[in-house]
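1. any chance you could fold what I've pasted below:
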Amino acid sequence: MAEVVERVAADPEYVKLSRAAYGTDPRPDVVTKGIASFMRSLVSGTSRHDRLLQGDGPALNAAEKRGVKIALGERGECFHCHAGFNLTNNTFANNGMAGVDTGREKITGKAGDRGKFKGAVSALAAAAGLDRDRAFYPVLTIVIASYYGLFAVMGGSTLSLMTESIVIAAFVVISILGFKFNLWLEIAALLAHGVFDFIHAQLIPNPGVPAWWPGFCLTYDIAAAGCLALILRWRREATLARPLNANSPPSDRAAAP
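-> This next block holds a predicted model:
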């Protein structure tokens, strides 16, 4: 941002326009406000994407339609934030960029808004794994699976630790794949870990495991898997049930086909 401001401030015309519009020389907030004003001037209603939403199937080619299918499915999960005709759910969410830009916190002054931005068209952010909300269940799965390794250490069993480490590594891999590609895979991982809890004592002799742990862990795995499944199903149904132009003002809805 500092470089952007420096380059803008070096142009006399931009300095003149900045003073006329905002009463000050170019600054970071002036640059962001200027970009936001420009973005609000962009109005689209006849793009190929708009035509597809209006029922014009041939508007996109086969490859583009496959992309839409990924975006609107659990593989891409873009639809959680990028929904409706204008590809936004009009809410603010933390996209993992808090260390680079504090986001909405600069406007509200609230620490809880740090790193939050309004959903917009940004497939790059999702592809780069910047949505930290998705990581909640995968991280918990990795943590709870790792406890068996901790118990092996507490029990002083090297053989148990080696065996548990292999199982832990497997759940780490599955959880990462679920985080990156499809959270339904994470649900499968939770259920598989529940089964592992149930038969753990017969598979791996681990003297450090408390008697209550397998039952507790099994209960958590099933509850977490069910909760995540309900969340994914609810989000999917809510997106599909939302009217195409539900976010537009009344006048736009009246004019929409």
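
2. okay, now A20: neighbour count?
-> A20 has 8 neighbours, counted by other C-beta atoms under 10 Å. Just so you know, the C-beta spots here come from the backbone N, C-alpha and C atoms, and that holds for glycine as well.

3. so it versus G149, what's the distance?
-> 64 Å (C-beta to C-beta, to the nearest Å).

4. just the strands in the stretch 51-200 of the chain please.
-> In the stretch 51-200 of the chain, the strands defined using DSSP state E, counting those that start in this stretch lie at 92-94, 116-118.

5. per-domain residue ranges of the chain.
-> Following automatic domain parsing, one finds the domains of the chain at 1-42, 73-130, 133-241.

6. which of those domains comes out lowest on mean pLDDT?
-> Taking the mean pLDDT of each of those, the lowest value is held by domain 73-130, a mean of 64.

7. re the thing from before, to N61, which of the domains of the chain lies closest?
-> N61 lies closest to domain 73-130 among the domains of the chain, at 17.5 Å (C-beta to C-beta).

8. just put the domains of the chain in a markdown table and tack on distance to H49.
-> Below are the domains of the chain laid out as a markdown table (distance: least, C-beta to C-beta, whole Å):
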| stretch | distance to H49 |
| --- | --- |
| domain 1-42 | 14 |
| domain 73-130 | 8 |
| domain 133-241 | 16 |
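
9. which one of these lies closest to L53?
-> domain 73-130 (5.9 Å).

10. mind listing what L140 touches?
-> A224 (C-beta atoms under 8 Å, 6 or more residues apart in numbering).

11. now with 10 Å?
-> With contact set as C-beta atoms under 10 Å, 6 or more residues apart in numbering, L140 has these partners: S175, E186, L190, Y220, D221, A224.

12. burial of G103, as a residue count?
-> Neighbours of G103 using other C-beta under 10 Å come to 20.

13. that one contacts A111, correct?
-> No: the pair G103 / A111 is not scored as a contact, 11.6 Å apart, by C-beta atoms under 10 Å.

14. got the contact list for the residue nearest to F198 when sequence neighbours are not counted?
-> Distances taken as C-beta to C-beta, 6 or more residues apart in numbering place L218 nearest to F198, at 5.7 Å, with adjacent residues excluded. Contacts for L218 (C-beta under 10 Å, 6+ apart) come out as H193, G194, V195, F196, D197, F198, H200.

15. if we use 6 Å, what do you get?
-> Contacts of L218 were listed using C-beta atoms under 6 Å, 6 or more residues apart in numbering, and they are G194, D197, F198.

16. from the residues you listed, list the buried ones, please.
-> Buried by 16 or more other C-beta atoms under 10 Å: G194, D197, out of these.

17. now, the contacts of L218 that are in helices?
-> G194, D197, F198 (DSSP state H).

18. between those, which is closest to V167?
-> D197 (11.1 Å).

19. so that closest one versus L52, what's the distance?
-> 46 Å.

20. distance from the chain centre to stretch 188-203, please.
-> 28 Å (C-alpha atoms, centre = their mean, to the nearest Å).
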